[in-house]
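**Student:** test case, fold it:
(4 chains, ligands or ions: 4)
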There are 2 protein chains.
Amino acid sequence: MGVVRKTKSVMTVLNTFEQTGKAVSAVALVEHLQDSMNKTTVYRILDRLEDQGTLHSFMGKDGLKWYAKCDGCSSTHHIDSHPHFQCRGCGKTECLSMDVTIPPIPKHKVDFAELLLIGLCETCS
Amino acid sequence: MGVVRKTKSVMTVLNTFEQTGKAVSAVALVEHLQDSMNKTTVYRILDRLEDQGTLHSFMGKDGLKWYAKCDGCSSTHHIDSHPHFQCRGCGKTECLSMDVTIPPIPKHKVDFAELLLIGLCETCS
DNA sequence: TTACTTTTGCAATTCAGTTGCATTAAGAAA
DNA sequence: TTTCTTAATGCAACTGAATTGCAAAAGTAA
Ligand SMILES: [Mn+2]
Ligand SMILES: [Mn+2]
Ligand SMILES: [Zn+2]
Ligand SMILES: [Zn+2]
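**Tutor:** Numbers count the residues shown, from 1 in each chain, chains lettered A, B, ... in the order given. Ligands and ions are numbered 1, 2, ... in the order given. Next comes the predicted model:
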């Protein structure tokens, strides 16, 4: 993966995640940072941060890609495997710190699971 | 929803699902049926069949939309709530007939869950 | 500073999925 | 069967997320 540089743009992206503490869609991040960096840059930084184990990603119900901070991952060891909740009212999406136990499936090797819960958040219900 | 017509195109789409017995991505279906009907028609038929409870859909890891036959659903009552397995080798995707129990999440109203398992199928492992 | 390599901006491109509208064809009624 | 209504289709244009190629800019080690 080569050397990783801590550029201004990378720091800006990381700050956004620190501040919100929530999951953010790539699209929303591009929109939010449109005055400070290029769209392509955002996508590439997200890619890199995920490779490094700083962020993890998952697909939302609508097909958009979401990102959130990892907790204890590295480039060689991604341990995030928690469900995500997406509110169908306001769209807010969050990491859930609960364990999902996947029963083994005969003749299948399961690498990981993606569990997305759809519903209404407290504000929207 | 109005009257639903059993057109030639609808029958062709349904036959494809009967024959394969597997989940099919919209993209793959469009490709598969490119000589018999228009892309837009495929997407619209899939929409309608899902509304009617004939098919159900889910998002694959890659962001593509997949469809598979329902078993015992109607337009007013979709009871499909099973996990899906997507092979990262060959891309084959299938419905799993197992139950997923979602523990309640405080202050959240969960409507339904989408569980996607990623791994290797028997052929690919 | 220099030299090397990563990162960025920009414009063009890809690709899944949607939309508007004119035309076709189910299928109920006559 | 023929007529009539309206759902369904084809086609072309469009949308929007994400990617790509390439030249220019900016980290970083020496
Ligand atoms: Mn998460
Ligand atoms: Mn299924
Ligand atoms: Zn909400
Ligand atoms: Zn496979």
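
**Student:** A:H32 against A:V13, yeah?
**Tutor:** No - the pair A:H32 and A:V13 fails to qualify as a contact (CB atoms under 8 Å) at a distance of 9.8 Å. (C-beta placed from N, C-alpha, C; glycine too.)

**Student:** neighbour count for those two, which is higher?
**Tutor:** A:V13 (26 against 15; other CB atoms under 10 Å in any protein chain shown).

**Student:** over to the more buried one: give its phi and psi.
**Tutor:** Dihedral pair for A:V13: phi -60, psi -50, per degrees, to the nearest 10.

**Student:** quick one: residues contacting it.
**Tutor:** A:V13 makes contact with A:L29, A:L33, A:V42, A:I45, A:L46, A:L49, according to CB atoms under 8 Å, 6 or more residues apart in numbering or on different chains.

**Student:** report pLDDT for it.
**Tutor:** Looking at A:V13, its pLDDT is 98.

**Student:** for A:L49, give its distance to ligand 2.
**Tutor:** Distance, A:L49 to ligand 2, using CB to the ion, to the nearest Å: 33 Å.

**Student:** and that residue, its phi and psi?
**Tutor:** Torsion angles, degrees, to the nearest 10, at A:L49: phi -60, psi -30.

**Student:** also A:N15?
**Tutor:** Backbone torsions for A:N15, taken as degrees, to the nearest 10, come to phi -60, psi -40.

**Student:** separation between it and A:R48?
**Tutor:** Applying CB to CB, to the nearest Å, one obtains 16 Å for the distance of A:N15 from A:R48.
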